[in-house]
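**Q** heads up, no residue letters with this:
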C-alpha cells in the first residue's frame, strides 16, 4: 500500500456496467515523510474518505478484495483513512492534532 | 485507474485467437492536472470511446473483469469515459463545457 | 499492452519443467510514435512473430491467458503482430507499406 | 521480493472491515548494497518484525498468500526478517554481527 | 521476463511458514545488451542456478506457477538459466563460449 491524499473526484456516466455505484477519488501519492509526489491514482472509495484525508490505497488484484470492488474492473481502492504514522519514533502525521 | 486521452487505434490481423473482436485503443496517459504525459498504453475498449475522449483505464488482472475482456490475454481496458473531475474544489475538466 | 519490436531470442536449456516448448523473444519497447525505448522484455511467442516485427505484448497474469502460456511461470506474451496504427488521424506505422 | 528496513508504522481506525487486525509497517526500500532508496511501501506484518529490522517484502497478489493476509485488500506483506546476505562472496549485511 | 545475473543469496530464519525451504537469490537486472542495471530483485530459485549465471526471472502471480512456488508469498522466481541470446542476428551472450 501507499499513502496518498484525497484531492478530488471523477464523474463518468458512460462506463462499463460493472463500474456502477463506485465513488472514484483522485488520490495524490505522498511519500513516507508526507511530501506530495507527482504521481496520482484514481481509486474506488470503500471507506467514505473525504477531500483532504490522508488514506491508504491498494492496487492490482488486491484492490478487488473489498466487498465493494469484488469482480469489478477496478485496479485501485482506498481502504483506510490514516490516523497517524511515525518514522524512527517521531510522529510524522496526526489527523486529530 | 489512471486518466488518459484516446489518441489512436491499432490494427492487428495476425493475433492470438483469444484476442478476436477487441477494439484496441492507443491511450496517452494524462496527469491529474490534465497534462499529457510521455507514457501510453494500448487498451481494449469496453465503452465505445471516441478519439479525443478522456477516459479511465485499468491495468493488470483488473483489466479482465469486464464482460468483454474476461479470460483474454489483455492487460489494459478503457472502462469509462470521463465527464469531469475536480481538484481541491476547482473543476479541472468538463467534457460538455 | 505496449508496442514493441522483436529484436532477438533467448535460448535456455536448464529451466523449470513448466517452461518447456515456449519460444522466448527479446522485445524492445517502442513508444506510441514508434520510437525505440531503452526498456525491453523477454516474452513468450503465441503468434509466430518474426524478427523485426512490431508486436503487442501483455504482461502479468494476462500473459497466462493464451492457450500456449496457461498455468506457466511466464509474465509476458507476444499475442499480436501489428499491421498499423494511427495517432490523431495520421498513420504512424504501416507493415505492408 | 525486495529488501527494506522497517522505519515506522501506520495507525488507521476508519478502514475496510477486511483490513482489521493487520499491523501496518512503513518499510523503506534498500538496494542490494544495503543503501536506502527514496521509495517506500506500507506492508502488513506476518513475522512480527521490529523497527530497524531489515526484511523481505512481497507485493501484488503474492502478498495475499500468507495465512494472515489471505483474501484481504492488502498488496504488500513483510514475510521474512533478513539474517544476512552476500554479493559476489562478500557479506553485505549480518544481523547478529 | 527479464534477464538478470545471480550475484548473491539471502538468509532469513524468522519468516512466514509458507516461505520454508526456498533458496532466495539476489539477482541484478541486466538489459538486453547484457549491461548491468541499478535494479535488483530477490527471487526464489526453481532451477538450481549458480552465482554468476545469467538467468530469466518472472514476477507477480506468474512467479507462483512453478511447482516450487505454488501458493507461496513469493513474487519473483528464477525459472531458467540462459544459454545464449542474440540481437539483430548478432550473438550477445554465450554461456559456453
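**A** Here it is on my side, so go on. Computed from a predicted structure; not experimentally measured. Residues are numbered from 1 along each chain as shown, chains lettered A, B, ... in the order given.
**Q** What residues does the most far-flung residue of chain A relative to its centre make contact with?
**A** Centroid-distance maximum for chain A: residue A:89 at 25.1 Å, with Cα atoms, centre = their mean. Shown in contact with residue A:89 (Cβ atoms under 8 Å, 6 or more residues apart in numbering or on different chains): residue D:51. All C-beta atoms are positioned from the backbone trio N, CA, C, and that covers glycine.
**Q** go on, the one 4 residues further on?
**A** Listed by Cβ under 8 Å, 6+ apart, the contact partners of residue A:93 are A:34, A:54, A:82, A:84-85.
**Q** Tally up the residues packed near residue A:58, please.
**A** As a burial measure, residue A:58 scores 30 neighbours (other Cβ atoms under 10 Å in any protein chain shown).
**Q** any idea how far the nearest residue to it once chain neighbours are set aside is from residue C:57?
**A** Distance criterion Cβ to Cβ, 6 or more residues apart in numbering or on different chains; nearest residue to residue A:58, sequence neighbours excluded, is residue D:75 at 4.3 Å. Note on residue D:75: its distance to residue C:57, by Cβ to Cβ, to the nearest Å, is 23 Å.
**Q** Would you mind confirming that residue A:7 is in contact with residue B:88?
**A** Yes: look at residue A:7 against residue B:88 with Cβ atoms under 8 Å: they come within range, at 6.0 Å.
**Q** Spell out which residues are contacts of both of those two.
**A** Contacts common to residue A:7 and residue B:88, judged by Cβ under 8 Å, 6+ apart, are residue A:51.
**Q** So between those two, which is more surrounded?
**A** Using other Cβ under 10 Å as the criterion, residue A:7 and residue B:88 rank with residue A:7 on top: 20 against 10.
**Q** The helix or strand hosting the more buried one relative to strand D:2-11, how many degrees between them?
**A** If you go by DSSP states H and E, residue A:7 is part of strand A:2-11. Between the axes of strand A:2-11 and strand D:2-11, defined by axes from the mean of the first three to the mean of the last three Cα atoms, to 10 degrees, the angle is 70 degrees.
**Q** tell me the mean pLDDT for strand A:2-11?
**A** Strand A:2-11 shows a mean pLDDT of 98.
**Q** To which secondary structure element is the most centrally placed residue in chain A assigned?
**A** Residue closest to the mean C-alpha point of chain A, counted by Cα atoms, centre = their mean, is residue A:78 at 3.2 Å. Taking DSSP H and E as the criterion, residue A:78 maps to strand A:76-81.
**Q** okay, the angle between that strand and strand A:2-11?
**A** Going by the same axes, to 10 degrees, strand A:76-81 makes 120 degrees with strand A:2-11.
**Q** Could I get the average pLDDT for strand A:76-81?
**A** Average pLDDT, strand A:76-81: 98.
**Q** Listing partners with orientation, what would you give for the helix or strand residue A:85 falls within?
**A** According to DSSP H and E, residue A:85 maps onto strand A:84-87. Strand pairing for strand A:84-87, using DSSP bridges, gives strand A:90-94 (antiparallel), strand D:2-11 (antiparallel).
**Q** Report whether the helix or strand where residue A:44 lies contacts chain D.
**A** Using DSSP H and E, residue A:44 maps to strand A:36-45. No: judged by Cβ under 8 Å from any Cβ of the partner chain, strand A:36-45 stays clear of chain D, getting no closer than 9.7 Å.
**Q** Could you list the low-pLDDT ranges of chain A?
**A** Within chain A, no range satisfies pLDDT under 70.
**Q** Please look at residue A:41 and residue A:59 and confirm they touch.
**A** Yes: in this structure, residue A:41 is within contact of residue A:59 by Cβ under 8 Å, at 7.0 Å.
**Q** Write a PyMOL command that selects only the buried members of the contacts of residue A:93.
**A** Selection of the buried residues among these in PyMOL, burial being defined by 16 or more other Cβ atoms under 10 Å in any protein chain shown:
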select buried, chain A and resi 54+82+84+85
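**Q** how near is residue A:55 to residue A:66?
**A** Separation of residue A:55 from residue A:66 (Cβ to Cβ): 13 Å.
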